[in-house]
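Chemist: Show me the folded form of this:
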Amino acid sequence: AVETRDEFLGVVSHDLRSPLSVILMATRAAARQELAPPQAQLFQRIERSGRRLESIINLLLDFTRARLGSGIPVVLSAVTFHSICHEIVEEVRQANPGREVLLEQHGNGEGRWDATRLGQLVTNLVENALKYSPEDSTVQVVSRGEGDVVRLAVRNEGNPIPRAMVAKLFRPLQRADPTDQQAGTSLGLGLYVVHEIVRSHHGRIRVHSSAREGTTFEVTLGRGLPAARADRGHRATEPVSQG
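Modeler: Residues are numbered from 1 along each chain as shown. Next up, the predicted model:
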């Protein structure tokens, strides 16, 4: 029954992509026309909802790939982890203008990874941190190159995750706080997909959560580069700023 369910989700999610892409193309084309403000706002809302639906479909597809296949597929290439983090944080800031998201970067961020999947990983962790923290609090993102590895830490100041829940966080259809009304529309797949992306890169993810320290998700990834190249580090820090 579980396997049939997963196959069904995969087929339905895949088949939904084609009509959704047509809807998004049509709304983008309409948005380029000279429309009255009410009509322009209507098409903008349709496009935002379409992008949200696209994100949900992609989550479901990743879920079925991970459950039915050998994990989430990755295509490795030479990329800079710091650049990926910077781009995602900027996107999240634009989408959440009322929230403060700080970014700090150190060391050499070069390595061989799947850039698209790492962008998805960073997005899911930062959005999760925003979702489970007060509106007036700060989310901190730190990417750091250290020797043969790079590390990502995403910290928020929300309520601590119950110890009993920590071990279940990366299971599908789980939430850090099932009673949180703000997460009521969440599928509970974001952290599962994060875990599978880390696993596909042979990395490690850990969670630290307490009332005093807040909650931090820490990802460690090997570079997949010769040690001599990884040691030629540089320091890149971004000034503390508010999104």
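Chemist: Strands along the chain, start to end?
Modeler: Assigned by DSSP state E, the strands in the chain fall at 77-80, 100-106, 110-113, 138-146, 149-156, 204-210, 214-222.
Chemist: So for residue 37, which of those sits nearest?
Modeler: strand 100-106 (30.2 Å; Cβ to Cβ). Every residue, glycine included, has its C-beta placed from N, CA and C.
Chemist: Give me the sheet partners of that closest one and which way each runs.
Modeler: strand 138-146 (parallel) (DSSP bridges).
Chemist: Which positions in the strand it pairs with come out as buried?
Modeler: Buried residues in strand 138-146, counted by 16 or more other Cβ atoms under 10 Å: 138-145.
Chemist: Reformat the residues you listed into CSV and put pLDDT and distance to residue 204 next to each item.
Modeler: Shown next, in CSV, are the buried residues of strand 138-146 (pLDDT from 0 to 100; distance: Cβ to Cβ, whole Å):
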residue, pLDDT, distance to residue 204
138, 96, 26
139, 97, 22
140, 97, 20
141, 98, 18
142, 98, 16
143, 97, 15
144, 97, 15
145, 97, 16
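Chemist: right, and the pair among those residues with maximum separation?
Modeler: Farthest-apart pair in the buried residues of strand 138-146 is 138 and 145; separation 23.4 Å (Cβ to Cβ).
Chemist: which residues of the protein score low on pLDDT?
Modeler: Across the chain, the ranges flagged by pLDDT under 70 are 1-15, 17, 55, 59, 63, 65-71, 172-188, 225-243.
Chemist: Identify, by residue count, the longest helix of it.
Modeler: Counting by DSSP state H, the longest helix found in the chain is helix 37-68.
Chemist: can you give me the offset of that helix from its chain's centre?
Modeler: Taking the mean of its C-alpha atoms, helix 37-68 sits 15 Å from the chain's own mean (Cα atoms, centre = their mean, to the nearest Å).
Chemist: Looking at the chain, which residue reaches furthest from the middle?
Modeler: residue 36 (35.3 Å; Cα atoms, centre = their mean).
Chemist: What are the phi and psi values at it?
Modeler: phi -70, psi 150 (degrees, to the nearest 10).
Chemist: so what's it up against?
Modeler: Contacts for residue 36 (Cβ atoms under 8 Å, 6 or more residues apart in numbering) come out as none.
Chemist: how near is it to residue 42?
Modeler: Using Cβ to Cβ, to the nearest Å, residue 36 is found at 10 Å from residue 42.
Chemist: next one: residue 119
Modeler: 30 Å.
Chemist: what sits against the residue lying closest to residue 132 once chain neighbours are set aside?
Modeler: Spatial nearest neighbour of residue 132, excluding adjacent residues (Cβ to Cβ, 6 or more residues apart in numbering): residue 158 at 4.3 Å. Listed by Cβ under 8 Å, 6+ apart, the contact set of residue 158 reads 129, 132-134, 137, 214-215.
Chemist: switch to 7 Å and redo it
Modeler: Residues counted as contacts of residue 158 (Cβ atoms under 7 Å, 6 or more residues apart in numbering) are 132-134, 215.
Chemist: got a winner among the residues you listed for most neighbours?
Modeler: residue 215 (23 neighbours; other Cβ atoms under 10 Å).
Chemist: For the residue lying closest to that residue once chain neighbours are set aside, the count of nearby residues, please.
Modeler: Among residues not flanking residue 215 along the chain, residue 209 sits closest, at 4.2 Å (Cβ to Cβ, 6+ apart). Applying other Cβ under 10 Å, we find 21 residues neighbouring residue 209.
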